[in-house]
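1. next comes the sequence, and after it the predicted model I'd like to discuss.
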Amino acid sequence: MPELPEVETTRQGIAPHCEGQTVRKVIVRNPSLRWPVPGDLPALLEGQVIRAVERRAKYLFLHFDTGSAIVHLGMSGSLRVITDDTPAMTHDHVELVLGNHRSLRFNDPRRFGCWLWTTEWRHHPLISALGPEPLSEAFNGAWLFRLSRNKQAPVKSFIMDNHVVVGVGNIYANEALFKAGIHPKRKAGRISLDRYHKLAEAIRETLSAAILMGGTTLRDFVNSDGKPGYFAQSLLVYGKAGLPCTGCGTRLKEIRMNNRSTVYCPRCQR
DNA sequence: AAGGATTCCTGTTGGC
DNA sequence: TGCCAACAGGAATCCT
């Protein structure tokens, strides 16, 4: 499940092969993604040079002179650069044939991902209201504290809200709350500045460690080079319900919050 | 208006 | 062993 580290790993993997390359041909095999792939996407991209591959939150942008393609990997999407004679696989929904005998292939079994076009990517409705990047200076405990005042929502929902901070999906929310010793159901507005400093640091640590290790890799996610990431091995609570807490030995508890698996230590997290 | 519930989808898993 | 329901989750959107 691509979370921010996986998306950044993907960007780093494809950028060297894409930047400066001309798009020779665009093949849309299945336009039924989260939103329909624009019918004029081939006409918009063909003949143009990919100037840069950028990431913002979990969105990737292919920047061209006339605008940008917005790509989201959704739940099960992946982008790979391969030689252009490699046979298409099932769920290879979008392909950009490049000028270096390579192709950029978008594969997405569950089709929660998207390919969109924008001429003003910073002002695109999906992008403009996003919160700060978790590894940027703008994201810190003071920011979390200020935004959370009077909020009744549980802190786990709060940090997974893209208006608060981007890139914190279910797995990393569980991990960060454990590291910070905060109970996932605690009301966001009832947490001190001190504890938010700790939480911001935990989010930062969790995500940067995962980026270094190449992403979490659960089930069907593979990096752009086709190799799995190794972060899954260092998960402390996610997927470990019933196992002893690494801090105190208490059995980790699992509950459902907003229909999402939530694992925590009932003793260490308050 | 905030916050919870629903929705999209298919490969994998678990129970009988 | 085989089949099928349950589950997984990003995030927009709908609903209360």
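-> Structure's in. What do you need? From a predicted model like this one, the values you see are computed outputs, not experimental measurements. Residues are numbered from 1 along each chain as shown, chains lettered A, B, ... in the order given.
2. am I right that A:P5 sits in a helix?
-> Yes - counting by DSSP: H, G, I helix; E, B strand; the rest coil, A:P5 is found in a helix.
3. can you tell me the SS state at the closest residue in space to it that isn't next to it in sequence?
-> Distance criterion Cβ to Cβ, 6 or more residues apart in numbering; nearest residue to A:P5, sequence neighbours excluded, is A:A210 at 3.7 Å. All C-beta atoms are positioned from the backbone trio N, CA, C, and that covers glycine. Using three-state DSSP, the structure places A:A210 in helix.
4. give me the neighbour count for A:A210.
-> Neighbours of A:A210 under the rule other Cβ atoms under 10 Å: 27.
5. right, and it touches A:Y172 too?
-> Yes - counting by Cβ atoms under 8 Å, A:A210 touches A:Y172, with 7.1 Å between them.
6. now the common contact residues for those two.
-> A:E3 (Cβ atoms under 8 Å, 6 or more residues apart in numbering).
7. look up how far A:F139 lies from the residue nearest to A:P5.
-> Separation of A:A210 from A:F139 (Cβ to Cβ, to the nearest Å) stands at 16 Å.
8. now the helices for the stretch 151-270 of chain A?
-> A:155-159, A:170-180, A:193-212 (DSSP state H, counting those that start in this stretch).
9. nearest to DNA strand B, out of those?
-> helix A:155-159 (4.6 Å; Cβ to the nearest atom of the strand).
10. which strands and helices sit next to the closest one?
-> Judged by 3 or more Cβ pairs under 8 Å, 6 or more residues apart in numbering; DSSP states H and E, helix A:155-159 is in contact with helix A:141-148, helix A:170-180, helix A:193-212.
11. who in the stretch 51-200 of chain A is up against DNA strand C?
-> Residues of the stretch 51-200 of chain A that fall close to DNA strand C, judged by Cβ under 7 Å from any atom of the strand: A:57-59, A:72, A:74-76, A:110, A:112, A:125-126, A:162, A:166-167, A:169-171.
12. quick check: ChimeraX command selecting the buried ones in the residues you listed.
-> Remark: buried members of these, expressed as a ChimeraX selection using 16 or more other Cβ atoms under 10 Å:
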select /A:57,58,59,72,74,75,76,126,166,167,169,170,171
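13. okay, now the domains of chain A?
-> Listed domain ranges for chain A are A:4-123, A:141-264 (source: automatic domain parsing).
14. how about CSV for those, with mean pLDDT and distance to A:E133 added?
-> Shown next, in CSV, are the domains of chain A (pLDDT from 0 to 100; distance: least, Cβ to Cβ, whole Å):
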stretch, mean pLDDT, distance to A:E133
domain A:4-123, 94, 7
domain A:141-264, 85, 6
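15. identify whichever of these lies nearest to A:L135.
-> The closest of those to A:L135 is domain A:141-264. By Cβ to Cβ, the value is 6.1 Å.
16. first-to-last residue distance for the closest one?
-> 21 Å (Cα to Cα, to the nearest Å).
17. then stretch A:80-96?
-> End-to-end for stretch A:80-96, by Cα to Cα: 10 Å.
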